[in-house]
Every structure is written in structure tokens, then in C-alpha cells.
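# Test case, fold it:
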Amino acid sequence: MDKRASTDKMGASLVKQVRVRVPATSANLGAGFDCLGLALELYMDLTVEESEGEGLEITATGEGSGSVPLDERNAVYQAVRRAYARAGKTLGRLCLAIDSQIPLASGLGSSSAALVAGLTAGAELCGMGLDREEVLRQGVAVEGHPDNVAPCALGGIVIAALDGEEVAWARIEPPGDLAAVVAVPDFPLPTSKSRSVLPERIARRDAIFNAGRVGLLVAALQQGDYSLLRTGMQDRLHQPYRTVLVPGMEGVLT
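Okay, here's the model as predicted:
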């Protein structure tokens, strides 16, 4: 997550500008359901300008530009507005320019990117710049789970867990020779749909299966011991239930 801010005067109108870059993310890595994710080298670039007066103008280019709303329903704008409300500030006239390489509803954290970018930009414009931990805290409060928000805000590979209202996390610097290969389906798969197929309860043997494997996966990533990856990427909490939503997924997993 990178950010830059500047101020300029245009006639009698004071213009504040903030630029933010946030990465795509891949979460639910292997056995790390809802707790382990990594940042990818695909980005959303956001420029927000605030000037005196009222109004909203949004432009979008790149992935999903033809389908994202360009009004108050826009997810980035809603995150900016959330930051203003938290700071007790009144919105001026806003111009948002969104340029994204992140496919929508495809498992690459587009909603988390919009949330983190908007929260960060809004806080900067309010003069209340957030550190990455506070962005993480606020983002998780909205999303309800940290697996995409954490690597989006912190970069790298992040394992995170909710501890009351706090987020406990540890960041792993990705090994230099580790590359991610991402297969993106040619149809949208919203998070709400992918979560709807998951059971409310799981068997003890499946919980034990995942607990051991998420430890191996973290060790593999931290130590660069790729002999552990195949076992660590096995899962019984979400992957088996989601194969019905993605044709060919079962073959990839086996």
C-alpha cells in the first residue's frame, strides 16, 4: 500500500489530492481459510481530489471499468465516505479516478483493494493519515475477516486472526524465488456466493486436518521449504465445497 498527498490552489478553490496504490490479494491459501493470504503484483491505483463545494465525479479504467457503479454506490467512494465519517469531517466536492488491474469477483481481493484504498485516501484527505495497522483494523471491522485485507494493507504474506476487536498478525516476506500462478475463471464469483456453500459445522477430524496443514504451510513459506507446500495446501474447510461453483477446480486440486 503506497500513498502520496499534495495540495494546490485553483483560483479560489483549494484542491487536495491523494494518490494510493494497493495490491490484489489471494486469500484462503490452502489450509489457511479466512486467515492466510498474500499480496500479488496486480494493482489498483486511486487518485482522489477534494475541492470546495459539493458533488461527486468518478472515472474508472482497467478491469471492471464497464461494470462498476460511478455514483455513490461505488465501493471506493463508500470507503472514502466512511473515513470522513470516522474523522467527523464533511465531504467536499470529490473527484475519484480509479485504474485497476484487479478482476472483479474473481478471488483476487477486488473488494478489499477498494476498501483499503478508499479508507487510506479518505484519512489522508482528512489530515488523519492512518498507519497500516489502523487501516487493517478498520478494514477488518467492515469485511469481518482479515485474509484479504491484511495482505492488501501490509503486503507480503500475512497470517492473521481476530482477537476480540483487535487483529493479531504476522507478516512473512515472500521468498525471492517464489512465483504465484493465478487461474481466473471467465465468470464472476462473488464472495457471498462462495461462502454460501460452506457448512456451519465441521467434523473434528477436518479441523485437525487443517490445523496441522496450516502450520506446515506457514513453515514452508517462512523457511522456503517447498517440499511442504503440497501437504500444506490441502484443505477440508472450504475447497471441497466450492468445487461445485468452478468447473475444473476439482481436477486442479487433485
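
# Counting neighbours, which bits of stretch 175-194 end up buried?
191, 194 (16 or more other C-beta atoms under 10 Å). To be clear about C-beta, it is placed using only N, CA and C from the backbone, and glycine gets the same treatment.

# Show me the contact partners of it.
26, 38, 40, 103-108, 111, 221, 224, 242, 245-246, 252 (C-beta atoms under 8 Å, 6 or more residues apart in numbering).

# If we use 7 Å, what do you get?
Stretch 175-194 is contacted by residues 26, 40, 103-107, 111, 224, 242, 245-246 when judged by C-beta atoms under 7 Å, 6 or more residues apart in numbering.

# State the distance from residue 188 to residue 179.
26 Å (C-beta to C-beta, to the nearest Å).

# In JSON lines: the contacts of stretch 175-194, plus neighbour count, distance to residue 232 and secondary structure.
Formatted as JSON lines, the contacts of stretch 175-194 follow (neighbours: other C-beta atoms under 10 Å; distance: C-beta to C-beta, whole Å; DSSP: H, G, I helix; E, B strand; the rest coil):
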{"residue": "26", "neighbour count": "20", "distance to residue 232": "15", "secondary structure": "strand"}
{"residue": "40", "neighbour count": "18", "distance to residue 232": "19", "secondary structure": "strand"}
{"residue": "103", "neighbour count": "19", "distance to residue 232": "26", "secondary structure": "coil"}
{"residue": "104", "neighbour count": "17", "distance to residue 232": "29", "secondary structure": "coil"}
{"residue": "105", "neighbour count": "18", "distance to residue 232": "27", "secondary structure": "coil"}
{"residue": "106", "neighbour count": "20", "distance to residue 232": "24", "secondary structure": "coil"}
{"residue": "107", "neighbour count": "21", "distance to residue 232": "19", "secondary structure": "coil"}
{"residue": "111", "neighbour count": "20", "distance to residue 232": "26", "secondary structure": "helix"}
{"residue": "224", "neighbour count": "12", "distance to residue 232": "13", "secondary structure": "coil"}
{"residue": "242", "neighbour count": "20", "distance to residue 232": "18", "secondary structure": "helix"}
{"residue": "245", "neighbour count": "14", "distance to residue 232": "23", "secondary structure": "helix"}
{"residue": "246", "neighbour count": "15", "distance to residue 232": "21", "secondary structure": "coil"}
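
# Tell me the one of those nearest residue 215?
Nearest to residue 215 among the contacts of stretch 175-194: residue 224, at 16.0 Å, using C-beta to C-beta.

# OK, contacts around that closest one?
Listed by C-beta under 7 Å, 6+ apart, the contact set of residue 224 reads residue 175.

# That one and residue 118: what is the separation?
35 Å.

# Then residue 65?
From residue 65 to residue 118 the distance is 17 Å (C-beta to C-beta).

# okay, these two: which has more neighbours?
residue 118 (27 against 14; other C-beta atoms under 10 Å).

# show me the residues around the more buried one that make contact.
Here residue 118 is in contact with 76-80, 83 (criterion: C-beta under 7 Å, 6+ apart).

# and which of those residues is nearest to residue 196?
Distances from residue 196 to these, taken by C-beta to C-beta, are shortest for residue 78, at 22.7 Å.

# Tell me how many other residues crowd that closest one.
Applying other C-beta under 10 Å, I find that residue 78 has 17 neighbouring residues.

# Check which residues of the host helix or strand of it are buried.
Per DSSP states H and E, residue 78 falls inside helix 75-87. With burial defined by 16+ other C-beta under 10 Å, the residues of helix 75-87 counted as buried are 75-84.

# what is the mean pLDDT for the helix or strand harbouring residue 213?
According to DSSP H and E, residue 213 maps onto helix 204-223. The pLDDT scores in helix 204-223 average 96.

# For it, report the contacting residues that lie outside it.
29-33, 36, 157, 159, 172, 225-226, 228-229, 231-237.
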